[in-house]
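Student: Need coordinates for the below:
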Amino acid sequence: MKDERLVEMRIFKAVAETGGFTAAALMLNLQQPYVSRAVSALEKRLGVALLRRSTRSLQVTQEGNEYLALCKRILDDIDTGEAQLARAGQHMTGSIRVTVATSFGMDQIVPLVPGFLERYPGLRVRLSLSDTLADVIGEGFDVAIRMGSLQDSNLVSRKLCHLQRVVTASPAYIARHGVPSVPADLVDHNCLMWEPPMDHLNHWPFVVGGERTSMLINGNFQTSSGVSSVYMCLAGVGITRMAEHMVLPSIRSNMLVPLLTDFQPNDETAIYALYPRDSSLHPRVRAFIDHVTERLRRPPWAA
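Tutor: Got it, this is the predicted structure:
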């Protein structure tokens, strides 16, 4: 159940100190009816009248003054505590070792690092970009950012965002080879493939006749890099199925065309932050994960 007590306390304190609902709404950047309803709901929950209203004035009752003093103590303690934690966070020192896949790291994580370092100037980020799956514990990484479900039981996962894969090709490829109308048509098309250990992604999932199925694709180009696959797709070499963060900008600019959208399944892929289970999460590592989570809560590619 959502707890609105702190919100109600801040609103009541503002009303009591400014002497009116309109003034409090302006101070808090809220709508006046919302402020009025919040105070009424607070009085109903407490079972006492906190304010004495008239057409010309608004006065705080004795119970209201007692509650106002409580609000001030609690809110002051919260503000003071958060300020102290923020100051402590700004003075954190040490390094954070992060491993992430090359394409997602360059496209989405690297742009977030400058803001993090500005926020925490005493910290250092050691970022490893590699499409080889790192041994997080064995190689001494503090956090790994990975796509897909968690496989290692020694790691704790925190979901950062959902991710969909999209089948797409360039207008030049379509002009030469046509558009596949059903997934089975892909046997007659050049599809861009993954090398091991990512070759499981060469099985493309579809929903046909209400049933989920997969198709093993084939083609004349195979890579371990999502960036190179997108480049080859843009160059008209073949069809790719790629994470949306890499292809949506090109789709929006008409450089790529989505294909087989009527057969596209709801992808269960997501991006996770992983860290060792058997060690307490250091504040600097938590700060990094919180920073990334906050920025990816609404993924930039979804805009």
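Student: Now the longest helix seen in the chain: buried residues?
Tutor: For the chain, the helix with the greatest residue count under DSSP state H is helix 62-90. Buried residues in helix 62-90, counted by 16 or more other C-beta atoms under 10 Å: 64, 67-68, 71, 89. In this view, the C-beta of every residue, glycine as well, is placed from N, C-alpha and C.
Student: What is that helix packed up against?
Tutor: Packing partners of helix 62-90 (3 or more C-beta pairs under 8 Å, 6 or more residues apart in numbering; DSSP states H and E): helix 5-18.
Student: got a list of contacts for the helix it packs on?
Tutor: Identification of contacts with helix 5-18 by C-beta atoms under 8 Å, 6 or more residues apart in numbering yields 21, 24, 27-28, 30, 35, 38-39, 41-42, 50-51, 58, 60, 64, 67-68, 71-72, 74-75, 78.
Student: Now do that helix and helix 62-90, the angle between them.
Tutor: Interaxial angle, helix 5-18 versus helix 62-90 (axes from the mean of the first three to the mean of the last three C-alpha atoms, to 10 degrees): 120 degrees.
Student: Packing partners of the next helix or strand after helix 5-18?
Tutor: Using DSSP states H and E, the helix or strand that directly follows helix 5-18 along the chain is helix 21-28. Contacts defined by 3+ C-beta pairs under 8 Å, 6+ apart place helix 21-28 against helix 5-18, helix 32-46.
Student: circling back: skip ahead from the longest helix of the chain and say which helix or strand is next.
Tutor: strand 94-100.
Student: pLDDT of that next one, averaged?
Tutor: Taken as a whole, strand 94-100 carries a mean pLDDT of 93.
Student: and if you look at stretch 166-174?
Tutor: Here stretch 166-174 scores 97 as its mean pLDDT.
Student: what about it, distance to the chain center?
Tutor: When C-alpha coordinates are averaged (C-alpha atoms, centre = their mean, to the nearest Å), stretch 166-174 and its chain have centres 28 Å apart.
Student: for it, how far is the first residue from the last?
Tutor: 16 Å (C-alpha to C-alpha, to the nearest Å).
Student: Thank you, goodbye.
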